[in-house]
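J.: Build me a structure from this.
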Amino acid sequence: MKKLKKSQDIESFVRKNNSWKKTKRRSALQKSFLFSNFSEAFGFMARAALVAEQMNHHPEWFNVYNRVDVVLSTHDAGGITDLDFKLALEMDKIAK
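T.: Next comes the predicted model:
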C-alpha cells in the first residue's frame with residue numbers, strides 16, 4: 001500500500017507550489033489550469049493522460065472550454081501520497 005504524506009509534507013508542497021491547494025473536505029490536492037482556448041486545454045489533458053497512464057495514477061478532472069480543474073488523491077491509500085506530488089509537478093511541466 002502507498003504511504004500517506006504527513007500534514008507538514010503536504011503544507012510544504014503547497015508552499016513551494018502555491019498554485020496547488022489542499023482541498024478542505026478531503027485529503028487531496030487541487031488546481032485549476034487556464035488555457036487560451038479549448039484546443040489547448042484538451043491538448044493538456046491528452047498529454048497529462050499519457051503521463052498518468054504511465055504512472056498508473058489517474059486524476060479526477062473537469063473541463064469547460066479553456067479551464068481544466070484537477071483533483072489528485074491516491075484513493076487506495078485514502079489521501080495524498082508521493083504519486084500525487086509527482087503527478088502534480090508533471091502536470092505543471094506539461095502546462096508550460
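
J.: L83 - nearest residue in space that isn't next to it in sequence?
T.: On the basis of CB to CB, 6 or more residues apart in numbering, the spatially nearest residue to L83 that is not a chain neighbour turns out to be H57, at 4.5 Å. Just so you know, the C-beta spots here come from the backbone N, C-alpha and C atoms, and that holds for glycine as well.

J.: actually I80, not the one I wrote
T.: K5 (4.8 Å).

J.: still on that earlier bit, now the residue nearest to L83: which helix or strand?
T.: Per DSSP states H and E: H57 is located in neither a helix nor a strand.

J.: Assess the claim that it and E90 are in contact.
T.: No. Contact criterion CB atoms under 8 Å: H57 and E90 do not qualify, at 9.8 Å.

J.: So which of these two has more stuff around it?
T.: Taking other CB atoms under 10 Å, H57 and E90 do not tie; H57 has more neighbours (20 against 17).

J.: Now do the same contact list for the more buried one.
T.: T74, L83, D84, K86, L87 (CB atoms under 8 Å, 6 or more residues apart in numbering).

J.: K22 and E40: what is the separation?
T.: Distance, K22 to E40, by CB to CB, to the nearest Å: 27 Å.

J.: Next: V51.
T.: For V51, the distance to E40 - CB to CB - is 17 Å.

J.: residue ranges of the helices in the protein, please?
T.: Listed in chain order, the helices of the chain (DSSP state H) span 7-16, 38-55, 82-95.

J.: Point out the most buried one among those.
T.: Compared across these, helix 82-95 shows the largest average neighbour count, a mean of 18 (mean count of other CB atoms under 10 Å).

J.: next one: it to chain centre, how far?
T.: Relative to its chain's centre, helix 82-95 lies at 6 Å (CA atoms, centre = their mean, to the nearest Å).

J.: list the helices and strands it packs on?
T.: strand 29-34, helix 38-55, strand 67-72 (3 or more CB pairs under 8 Å, 6 or more residues apart in numbering; DSSP states H and E).

J.: in this protein, what spans have low per-residue confidence?
T.: Where the chain drops to pLDDT under 70, the residues are 1.

J.: That'll do, ta.
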